[in-house]
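Asker: Here is the input, now give the coordinates:
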Amino acid sequence: MSKIQTILATGKTLTTASAAGGISRTAAANVMTTNPSKYYPIGCGFHDLLETHATARELAQIRFRDGEGAVQLRSAVIIDVFAREGAEYLAMSTGETLRLDQLIEVDDAKLADY
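Answerer: All right, here's what the predicted structure looks like:
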C-alpha cells in the first residue's frame, strides 16, 4: 500500500517538504473509502443533484457504504463537492468526507437510478 493509500485508509495527515523547500500538506482526515486505488465515476445527473444540495445548504439524508462495506446513514448538510487525485468527493457538515462512488442515495434519490 502506498503512503497516500495508507493515509486515506487511516485518516491521518501527511506533511512533506517540497523540492522547493516549502511545506505541502495532504489532509485526508475522515476520508472513507472502500478501495482508494479504483474510483468509479458517478452519473452527471446525480452529480448535479449533489451540487444543488451543496448550494442549498439544507439537511439531507445521505446513505453510503463505509470502508467495510456496511451501509451508513447520515443526516448532514453537503458542504462541498470536489475532485482530488482522480476521484470525486463530498464533504459533510459532520466533518466526514466520502468518495462519490460510495453513495447509495441522497434524500431518496438513488445513485443507481442516474
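Asker: Ala60 reaches Ala109, doesn't it?
Answerer: No: in this structure, Ala60 is not within contact of Ala109 by CB atoms under 8 Å, at 9.6 Å. All C-beta spots, glycine's among them, are computed from the backbone N, C-alpha and C.
Asker: Would you map the helices across this structure?
Answerer: 3-10, 44-56 (DSSP state H).
Asker: By mean pLDDT, show me the worst of the ones you listed.
Answerer: Lowest mean pLDDT of these: helix 3-10, a mean of 39.
Asker: How far does stretch 81-96 stretch from one end to the other?
Answerer: Using CA to CA, to the nearest Å, the end-to-end distance of stretch 81-96 comes out at 12 Å.
Asker: average pLDDT across it?
Answerer: Mean pLDDT, stretch 81-96: 96.
Asker: ok, which stretches of this protein are strands?
Answerer: Per DSSP state E, the chain carries strands over the ranges 13-17, 23-27, 31-32, 59-65, 71-84, 87-92, 97-99, 103-106, 109-110.
Asker: what about Ala60 and Ala109, which has more around it?
Answerer: More neighbours surround Ala60 than the other of Ala60 and Ala109, with 22 against 16 (other CB atoms under 10 Å).
Asker: Quickly list what that one is bridged to.
Answerer: Ala76 (DSSP bridges).
Asker: on that earlier part again, of all the strands of the chain, which one is nearest Lys38?
Answerer: Ranking the strands of the chain by proximity to Lys38 (CB to CB) places strand 87-92 first, at 9.2 Å.
Asker: What distance do you get for the nearest residue to Arg74 once chain neighbours are set aside to Ala54?
Answerer: Closest residue to Arg74 apart from its sequence neighbours, by CB to CB, 6 or more residues apart in numbering: Ile62 at 4.8 Å. Using CB to CB, to the nearest Å, Ile62 is found at 12 Å from Ala54.
Asker: Settle it for me: which of the two has more neighbours?
Answerer: The neighbour comparison of Ile62 against Ala54 (other CB under 10 Å) goes to Ile62, with 25 against 18.
Asker: So that one sits against Ser93, correct?
Answerer: No: between Ile62 and Ser93 there is no contact under CB under 8 Å: 10.3 Å.
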